[in-house]
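A.B. asks: Starting from these lines, generate the structure:
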Amino acid sequence: MEIREFEKYLGAHDASVVGDDENFETSSDSMICDPASKLVSRRFSVPASAEDIVLFINAGASSSTDLESGVKFLADEFFEGGNTFQTEEFIKRGGDCFFIYHSARLENFCYRIENLPPGEYFVDLHFVEMINILGPKGMRVFNVYMQEEKVLDHFDIYSVVGSNMPLQLVDSRVLVMDDGLLLKFEGVVGSPIVSAICIRRAPKASAPNRNNGYAVCKNCSAEIAYPLPQMNDVRMKSFANYEKTVQDLKETLKKKTDECYESWMSWTSANEELEKTRSELFKKTFHANFLEQSLEKQAVKLEDVSAKYEHEKRSWTMAIDGLEQKVKVMKRRHSVLSRDALDCVDPIPDLSKMVFAVQTLVEQCDHLKMKCHEEQMKRRKLHNELQEAKGNIRVFCRCRPLGKAEKEAGCASVINFDAAKDGELGILGNGSSKKTFKFDRVYTPKDDQVEVFSDAAPMISDLDGYNICIFAGQTGTGKTFTMEGTKENRGVNYRSLEVLFNVASERAETHTYTISVCVLEVYNEQIKDLLATETSKKDKQDPEGLQHIPGVVEAKVENIQQVWNVLQQPSRGQAVGSNNVNEHSSRSHCMLCVIVRAKNLLTEECTKSKLWLVDLAGSEWLAKTDAQGDRLKEAQNINRSLSALGDVISALANKSSHIPYRNSKLTHILQDSLGGESKTLMFVQISPSDQDLSETLSSLNFATRVRGVELGPARKQVDTGELQKTKMMRTCINLENKNKSQLDRIKELENQLELKASVHLHFEKQVSLLSEKMKLKDTSCSHLQQEVTDLEKELGERIQKSESSSLVLQNKINELERMFRERKGCLESTSQKRLSGTTETENSRFRHSNPPKLVPRTMNAAQRTAINRIKTARDPVQGIKEKDNKKKIWSR
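C.D. replies: Sure, this is the predicted structure:
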């Protein structure tokens, strides 16, 4: 506790020395903030009727307890914060319900009871000091708040009743509204503690008796009424005793303070003298230690010098003895050599000739080596040109070094790079077996990114009008490092773009280049544009047969820094996951497409080239990766697409009539790069570890098949759009030239047109005469048409009349049929034989008589002449109509 709080606490509670009763009253009065409540040092007594008790919470208890009297002690609930404490210590004056003092809640906490009906209640708090049983006072001091109002201030249980003694705060009246009851315990020194909380119904407050006071019995806690004057006298006496005690304590404190000050002054002077003595002693001791250390160092140096002298003395003695022996040996050899020199004087001329011949042979050997190296370079260049002429897919093999984890696990390398310069690679199998693979180029783990890209650079620098595809594959072997690299050590992607920008700058005077990039991702057989917000795309073929993805975002770039900025976005969006084989495995095929549009300013030739830089997803063995869920689906789609790529390669190698490009989105997009008319380069990445031997052999066998595929010679891709514009410009120029030559011809035609116009006027006059004649004929035709229409109306009326008569006849027929059915029903009641004979005769009779035939109506002579007139009049009219229709058609 801080000093000021401790002094305040002592000042508030030192009056406890007066007596037990006076001590309890004075200390409790200073702690209670609510004058209506009081502290009682007694146990909890079970009431005769438990109706007034609304809620009794046993703090820190884990279970509820029911008494026969109806009182129910609930387990600890409604609390917020704090910890529980339980003990089996004996509680003095615990009574029958001593168990409620065996548990408590500690530290800063509060109780929030929200299910109480609004009204006034009495809240009783039960305390006991069960932890600091040996004191002293002031080890546990805390405040208690009810509804945010303080009811106990600097409450110290031990200072009031000691340890293992129950103490109650009773009759604390509180008003509860709709928000419930809030009890808060905050520590001042140490942590608060409470054992039980009892909530009782409060009776309606009555007017206090102003003439009498009340006192509480120490033994039974009963309230005893006595006159107020007597109570005031008792309080005055206790107050006087309290003031006297305080005065005595102040005088004692002053004396003790003076004594402490004198002692402190004497102790300060003695301490200063002691510090001086200590400082002098420390200086002397430090000087003595320094002298001892210097003496020890000198002694050690002396011993080292003497030992060194003895050692050098022995070594020099041995060296002198050895030199003497060597001198003797040299003298003997000198004598032998002198005799040999005398013997070799004669063959010296032959020896000089032999030395000259050897030097000549060495020079010839060096010259032959240079020629051999040049021939190898020429052979490799011619081989590459031959492969390009055939259209073969060039295959470069690169092996990564063993990782740190693989070295710690004791993995061995199974790759032999003895013939790597000749493009051969050896795989060491079980025992002494060795399998050799041959590729266009083999890179050892020591080869860096510059050497790897140096062989691919010629293909990229010759990009004008050609499609090029470069891709790499096998998981956990550094394919992403080969294609992308790091910011300090760039890969094939960024170095390729650097070469393109360099070529564009070198040819700026004769060519114009427009370079743009797009980044695609094939994830779970779905094409995603990593530069666009709507990433799902579908591929289709453009009119030239090339694969085209509509709506793909093409970002135009002018330098390598813009490329780096553009490619930062796709690198964050690419799907990457971890498995048992590779911690950062690519879960999709990342495809960087560089589109180069070039125009030759001299020949006006326009070309369009595409450079595909593909980072294939890692092929995985499901038994090793142990993939599940989404990772299993991704692995299945990856293996399916790589299998489709293998099927395409096999079909191309076998020159099959059908190539299954559409089995996968990957092969469908790369159809124009794999199906011929392009240059293709494959980086096969392998692991040197013996644990990955099966994957390495599978990759090398696949690469060998790829190397044997012949795509045919690459074809230059001419930009048809630009070519069409050029053709249109030339056509316009030719038309202008033709227009100039045709001006004279137009003048001649105008003269001829004037002559024809005069002739045309003559013909128009004739046409006007003919038209007048036609009008006359039209009027006559119109009169005839009117007569025809009248006759048609008359004919229609007669036809309606005939139809009505036919309806009457039909009704008669129906009536006869009905009569026939009725007659047939009557005859069926007779015998079978008569019925059959009678029905046959009746049927024959009715068959001949029913239905009655319609008698054609006879026409008189006037009707026949009218019909003939209609027929004769209709034919000329129809002919005139047909002639008019033919004239309209020919005029159109």
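A.B. asks: And P35, how far from V151?
C.D. replies: From P35 across to V151, the span is 11 Å (C-beta to C-beta, to the nearest Å). C-beta: built from backbone N, CA, C; applies to glycine.
A.B. asks: So between those two, which is more surrounded?
C.D. replies: V151 (22 against 7; other C-beta atoms under 10 Å).
A.B. asks: Dihedrals phi and psi, F396?
C.D. replies: Backbone geometry at F396, expressed as degrees, to the nearest 10, gives phi -110, psi 130.
A.B. asks: contacting residues around the residue nearest to it when sequence neighbours are not counted?
C.D. replies: Of all residues not flanking F396 in the chain, R441 sits nearest, at 4.5 Å (C-beta to C-beta, 6 or more residues apart in numbering). Each residue near R441 by C-beta atoms under 8 Å, 6 or more residues apart in numbering is listed here: F396, C397, G423, D455.
A.B. asks: Wait, a helix at N751?
C.D. replies: Yes. N751 forms part of a helix when assessed by DSSP: H, G, I helix; E, B strand; the rest coil.
A.B. asks: Pull the number of nearby residues for it.
C.D. replies: Neighbourhood size, N751 [other C-beta under 10 Å]: 9.
A.B. asks: and it, what pLDDT?
C.D. replies: Per-residue pLDDT puts N751 at 78.
A.B. asks: So that it lines up with my notes, have the first residue be 32 from now on.
C.D. replies: From this message on, residue numbering opens at 32, which makes the last subject N782.
A.B. asks: How much space separates it from A788?
C.D. replies: Applying C-beta to C-beta, the value for N782 to A788 is 11 Å.
A.B. asks: same question, C812
C.D. replies: Computed as C-beta to C-beta, the C812 to A788 distance reads 34 Å.
A.B. asks: okay, these two: which has more neighbours?
C.D. replies: A side-by-side neighbour count of C812 and A788, using other C-beta under 10 Å, places C812 first with 16 against 9.
A.B. asks: and the helix or strand where that one lies, what does it pack onto?
C.D. replies: Using DSSP states H and E, C812 falls within helix 751-858. Counting contacts by 3 or more C-beta pairs under 8 Å, 6 or more residues apart in numbering; DSSP states H and E, helix 751-858 packs against strand 637-646, helix 863-880, helix 892-922.
A.B. asks: Which elements pack onto the shortest one?
C.D. replies: With contacts defined as 3+ C-beta pairs under 8 Å, 6+ apart, strand 637-646 has these neighbours: strand 498-504, helix 510-514, helix 523-537, strand 620-631, helix 702-705, helix 751-858.
A.B. asks: do that again at 7 Å, thanks
C.D. replies: Applying 3 or more C-beta pairs under 7 Å, 6 or more residues apart in numbering; DSSP states H and E, we find strand 637-646 packed against strand 498-504, helix 510-514, helix 523-537, strand 620-631.
A.B. asks: and the angle from that strand to strand 620-631?
C.D. replies: 160 degrees (axes from the mean of the first three to the mean of the last three C-alpha atoms, to 10 degrees).
A.B. asks: hey, C-alpha coordinates of strand 637-646 in PDB?
C.D. replies: What follows is strand 637-646, C-alpha atoms only, in PDB (Å, rounded to 0.1, in the frame of the first residue of the first chain):
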ATOM      1  CA  CYS A 637       3.700  -5.500 -90.500                       C
ATOM      2  CA  THR A 638       4.200  -8.600 -88.300                       C
ATOM      3  CA  LYS A 639       2.600  -9.800 -85.100                       C
ATOM      4  CA  SER A 640       4.600 -12.200 -82.800                       C
ATOM      5  CA  LYS A 641       3.700 -13.900 -79.600                       C
ATOM      6  CA  LEU A 642       6.100 -15.100 -76.900                       C
ATOM      7  CA  TRP A 643       4.600 -17.600 -74.400                       C
ATOM      8  CA  LEU A 644       6.500 -18.000 -71.200                       C
ATOM      9  CA  VAL A 645       4.800 -20.800 -69.300                       C
ATOM     10  CA  ASP A 646       5.400 -21.800 -65.700                       C
END
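A.B. asks: for that strand, the distance to its chain's centre please.
C.D. replies: Centroid separation between strand 637-646 and its chain, computed with C-alpha atoms, centre = their mean, to the nearest Å, is 29 Å.
A.B. asks: could you give the angle of that strand to helix 751-858?
C.D. replies: Counting by the same axes, to 10 degrees, strand 637-646 lies at 80 degrees to helix 751-858.
A.B. asks: Which strands or helices does whichever strand or helix holds V336 pack on?
C.D. replies: Using DSSP H and E, V336 maps to helix 259-375. Helix 259-375 sits against helix 51-62, strand 243-247, with contacts defined as 3+ C-beta pairs under 7 Å, 6+ apart.
A.B. asks: Check these for me: which has the lowest mean pLDDT.
C.D. replies: Lowest mean pLDDT within the helices and strands packed on helix 259-375: strand 243-247, at a mean of 53.
A.B. asks: lowest-confidence stretch among the helices and strands packed on helix 751-858?
C.D. replies: The weakest mean pLDDT among the helices and strands packed on helix 751-858 belongs to helix 863-880, with a mean of 51.
A.B. asks: how near is K639 to A488?
C.D. replies: Distance check for K639 against A488: by C-beta to C-beta, it reads 21 Å.
A.B. asks: neighbour count winner among those two?
C.D. replies: Just comparing K639 and A488: by other C-beta under 10 Å the higher neighbour count belongs to K639, 19 against 15.
A.B. asks: I'd say that one and V625 touch.
C.D. replies: No. Using C-beta atoms under 7 Å, K639 is not in contact with V625; the gap is 11.7 Å.
A.B. asks: Any buried residues in stretch 348-363, and which?
C.D. replies: Within stretch 348-363, not a single residue qualifies as buried, counting by 16 or more other C-beta atoms under 10 Å.
A.B. asks: Report the distance from it to the chain centre.
C.D. replies: Counting by C-alpha atoms, centre = their mean, stretch 348-363 is centred 81 Å from the centre of its parent chain.
A.B. asks: pull the CA atoms of that stretch into CSV?
C.D. replies: Taking C-alpha atoms only, stretch 348-363 is exported to CSV below (Å, rounded to 0.1, in the frame of the first residue of the first chain):
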residue,chain,number,x,y,z
THR,A,348,69.6,-27.8,-33.8
MET,A,349,67.5,-30.4,-35.7
ALA,A,350,67.5,-28.1,-38.8
ILE,A,351,71.3,-27.8,-38.7
ASP,A,352,71.7,-31.6,-38.4
GLY,A,353,69.3,-32.0,-41.3
LEU,A,354,71.1,-29.5,-43.5
GLU,A,355,74.4,-31.2,-42.8
GLN,A,356,72.9,-34.5,-43.9
LYS,A,357,71.4,-32.9,-47.0
VAL,A,358,74.8,-31.3,-47.9
LYS,A,359,76.4,-34.7,-47.7
VAL,A,360,73.7,-36.2,-49.9
MET,A,361,73.9,-33.3,-52.4
LYS,A,362,77.7,-33.7,-52.7
ARG,A,363,77.2,-37.4,-53.5
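A.B. asks: Could you pull up the mean pLDDT of it?
C.D. replies: 88.
A.B. asks: now the residue nearest to K168 when sequence neighbours are not counted, what's its secondary structure?
C.D. replies: Leaving aside its chain neighbours, K168 sits nearest to S190 (4.3 Å; criterion: C-beta to C-beta, 6+ apart). Following three-state DSSP, we place S190 in the helix state.
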